[in-house]
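[1] With the sequence up front, the predicted model follows.
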Protein chains: 2
Amino acid sequence: VPVDWSTFGVDLHLVPGPGGRRAGLEHALRDAIRSGRLPPDTRLPSTRALATELRVARGTVTAAYNQLSAEGYLSARTGSGTVVADLPRGNTPRARAVPADPQPPRHDLRPGSPDVSTFPVATWLRATRRALAVAPMTVYGYADPRGRLELRTALVEYLGRTRGVLATPDQVVVTSGYVQALSLLTTALVRAGGAAIAMEDPGLGFHRDVVQRAGASVLPLPVDDDGAVIDHLSTLDVRAAVLTPANQYPTGAMLHPRRRRAAAEWALRHDGLLIEDDYDGEFRYDRQPVGALQGTMPDRVAYLGTVSKTLAPALRLGWLVLPERWVEPVVEAKLHADLHTEVIGQLTLADLITSHGYDRHVRSCRLRYRRRRDLLLHRLAGRFTVLGVAAGLHALVQLPPDGPGEPEILARAQARGLALTGLAEHWHTPGAGRPQGIIVGYGTPRDAAYAAAIATLHHILSPPRSPRS
Amino acid sequence: VPVDWSTFGVDLHLVPGPGGRRAGLEHALRDAIRSGRLPPDTRLPSTRALATELRVARGTVTAAYNQLSAEGYLSARTGSGTVVADLPRGNTPRARAVPADPQPPRHDLRPGSPDVSTFPVATWLRATRRALAVAPMTVYGYADPRGRLELRTALVEYLGRTRGVLATPDQVVVTSGYVQALSLLTTALVRAGGAAIAMEDPGLGFHRDVVQRAGASVLPLPVDDDGAVIDHLSTLDVRAAVLTPANQYPTGAMLHPRRRRAAAEWALRHDGLLIEDDYDGEFRYDRQPVGALQGTMPDRVAYLGTVSKTLAPALRLGWLVLPERWVEPVVEAKLHADLHTEVIGQLTLADLITSHGYDRHVRSCRLRYRRRRDLLLHRLAGRFTVLGVAAGLHALVQLPPDGPGEPEILARAQARGLALTGLAEHWHTPGAGRPQGIIVGYGTPRDAAYAAAIATLHHILSPPRSPRS
């Protein structure tokens, strides 16, 4: 008779072995303890409770407990009943103790992450409580694959106000972050017959992997000081292109107004889709903010955003604002990928946006990052060309041809415990003769660690022993 | 000069039109109001603040405000400054008011959902607070694609204890629910060359769609009173099979011990993978619980579970326990799908499991659902054969060949506002001559609505005018 300890503090599934009831129970307990399924200090049910549960005589359970205590598996503690003893461990699979997070580098200026210590934990929790206090219980069931209407409505208002995005909530699909947004949209494009997508070169290699994994091939779209070279699109056999108009990654270039017009013309002429990655559109430091490309041609632009840079990557919350014809294919992809994004985070973010707590947080982060950018410029400008400082959380430090190259700089950084990312890994095809540079992610460290990180960077870039112009 | 109202309570992106500064500002404000980007009652910044922000003379802003007030776009309110007026709405895209959730059916006995009104909101929030109170800020950054170690460790302990699952935390991948788990595993199988997967027939059509969308073809595996007909597997050209051993969906059959052994033999002989869908393994009402298939052959079984039936579908939390060789391919799929599952829910669930609050909730639900099952049996048994009542949240009511068939029963149900699901849609290929039945999801309604739903079902199944044996 298998045993189900369902009336006690914990559930336990036991499969008793051969022999009589007492032997079966002993065998099952031994096995559960040996395998770690009953960890040390687990309190066992009282003999009476277990006997009732198993429909055996109480004496049977008492005898089994006594036997196992004698064998060292159990120990009887006065006042706290019978508990599992701490045995020497065998080599059966066992849960390991939870280790601390892996040791971070001493200094971290890698791009891609905000300062996660700024995540407003208390504010977020308050917003969760507020949102759940007014939510009907139906919110805990299966939901619309596009996401909660509360959030889609709040996003339309927020993105319209801050980024010039024009949409209705019906055009929004909430996703589990930017990567999923890109993957779902690619899936929809591939199913519609679009097998190739243009992506900026240089760009983030991981995003190319995401697109390729979702079934599309990736063609390189060159980038210069004015952002992506849109004219090149017509020479490619593509109907879709991923762009970072507000802040090209990794060069930091802003797509020139002339290029924005050219992109619109390309999309109209080729029935094309522009995929606008507005990953850090909230962080603009100069007086020339540019609105989202989407606002100028909502029929031709899929707008992708995320809270990974403004709040925290751990939340995995992002969104697509789609031309109407792409809503259903993307929703189908979302439905078959994971049904919908989890709801509590969605309701919390909706509350945070409509209560303007999100605005306040973004503004406070913007000030913080602007000060960091200013310090970076203060330390490096004049000696190095630093690009992409008008917006975002990273800058590109160009390495002059007569100085040490990327590999040497990265090696020096590693030797000093500074995590850095070079430009080289961002090219679609690596090759000699490319411009060299360092991507400085100045959002990543905590405030207290930032100045030291920049000092280390400065030291590495201009060591006394290195010849300099 | 584009305008960024970043110093006020809200952020606003304005693109001023042609003409001078005043005309440009007026145009931008008009456009923002017309398009809904500045909704009614939005409070505008003071003329002095905006002038400073835009670096224009204060008189320019005052003039623009006055003009727009004259035109009806703005209204000046004593004591609260200048606000956006409530204009008649044009046909530009606008956020709609959030409507209430769609009207549910009067009675709902569709399977697939628990009673979401049982979700322990306060307990969940307390666990979130506890978990975040001790979490270092690093948890808000990007995380391990397998999921938080806290949760993987808690799951290994819990699943070992309650379901006999044998694993280490390294073999666990946390997913955004069951559908994502199935999709990721299929993706990994397809990339490894496994193009076909056997799935139970009858089974859930949507899960077949998920597998097909992820690139595999689906072959039917027949089901009888002893669960999936494992012998049939050898006749199929497959290396993987999805099974619901604890509670076959939708027949409710339990996989016979003989079949479990046969499944193990098939997996060994064919280098096969058994995909164990343990979607409601926590809900067993009889005295013969069966442990997970995984516990008997951890090398050959991928175990999939979820909190969708025990806590709430809205959480989108599930897991895979994988044979070691499948961990990396599934992690790769997860990484490119959405990087990792959101962290706050993971930490909350880990806290809930280790504090045994999860056990307590499952037990309380089990009692509740058992009472519901008993009422269902009380009303229907004797007149109908009701299958699959030993476990889970649904039962199969067989329709005798001499009574009304599925289409008629479903039509009657619809006429009385009872949402029901028939057996027909679960077959891989629909056809005449199949057994007919109704899947009764007795978990779905609230407690207060359950008796009425069952009474309606009873009435529909045995109307006075219908001939009965």
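    That came in fine, so what should we check first?
[2] contacting residues for A:Ser217?
    Going by CB atoms under 8 Å, 6 or more residues apart in numbering or on different chains, A:Ser217 touches A:Ala195, A:Ala196, A:Ile197. Using the backbone N, CA and C atoms, a C-beta is placed for each residue, glycine as well.
[3] can you pull the contacts of the second one?
    Right, the one you point to is A:Ala196. Remark: with contacts taken as CB under 8 Å, 6+ apart, A:Ala196 is in contact with A:Ala216, A:Ser217, A:Val218, A:Leu219, A:Leu236, A:Asp237, A:Val238, A:Arg239.
[4] Check chain A for its longest strand and report it.
    Criterion DSSP state E: the longest strand present in chain A is strand A:217-224.
[5] Tell me how many other residues crowd A:Thr429.
    Using other CB atoms under 10 Å in any protein chain shown, A:Thr429 is surrounded by 7 other residues.
[6] Excluding chain neighbours, what is closest to it?
    Spatial nearest neighbour of A:Thr429, chain neighbours left out: A:Pro220 (7.5 Å); criterion: CB to CB, 6 or more residues apart in numbering or on different chains.
[7] Identify the bridge partners of that neighbour.
    Beta-bridge partners recorded for A:Pro220 (DSSP bridges): A:Met199.
[8] what sits up against the helix or strand just after the longest strand of chain A?
    Going down the chain from strand A:217-224, the next helix or strand is strand A:227-228, by DSSP states H and E. Strand A:227-228 is contacted by residues A:200, A:221-222, A:241, A:243-245, A:248, A:253-256, A:259, A:263 when judged by CB under 8 Å, 6+ apart.
[9] and which of those residues is nearest to chain B?
    Closest approach to chain B among the contacts of strand A:227-228 (CB to the nearest CB): A:Met254, at 11.9 Å.
[10] Indicate the residue of the stretch 351-469 of chain A located nearest to chain B.
    For the stretch 351-469 of chain A, CB to the nearest CB, closest residue to chain B: A:Asp359, 5.1 Å.
[11] Give me the neighbour count for that residue.
    A:Asp359 has 21 neighbours, counted by other CB under 10 Å.
[12] That one in helix, strand or coil?
    Secondary structure, DSSP: H, G, I helix; E, B strand; the rest coil: A:Asp359 is helix.
[13] Repeat that for A:Ala267.
    Using three-state DSSP, the structure places A:Ala267 in helix.
[14] where exactly do the helices run in chain A?
    Using DSSP state H, the helices assigned to chain A run over residues A:21-34, A:47-54, A:58-71, A:121-134, A:149-163, A:178-191, A:205-213, A:257-269, A:324-338, A:343-354, A:357-380, A:406-415, A:447-461.
[15] Could you dump these into a markdown table and include mean pLDDT?
    Converted to a markdown table, the helices of chain A look like this (pLDDT from 0 to 100):
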| stretch | mean pLDDT |
| --- | --- |
| helix A:21-34 | 77 |
| helix A:47-54 | 83 |
| helix A:58-71 | 80 |
| helix A:121-134 | 97 |
| helix A:149-163 | 95 |
| helix A:178-191 | 98 |
| helix A:205-213 | 97 |
| helix A:257-269 | 94 |
| helix A:324-338 | 98 |
| helix A:343-354 | 98 |
| helix A:357-380 | 95 |
| helix A:406-415 | 95 |
| helix A:447-461 | 95 |
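[16] Which of those helices sits closest to B:Arg379?
    helix A:47-54 (28.7 Å; CB to CB).
[17] Can you spell out which helices and strands pack onto that closest one?
    Judged by 3 or more CB pairs under 8 Å, 6 or more residues apart in numbering or on different chains; DSSP states H and E, helix A:47-54 is in contact with strand A:3-4, helix A:58-71.
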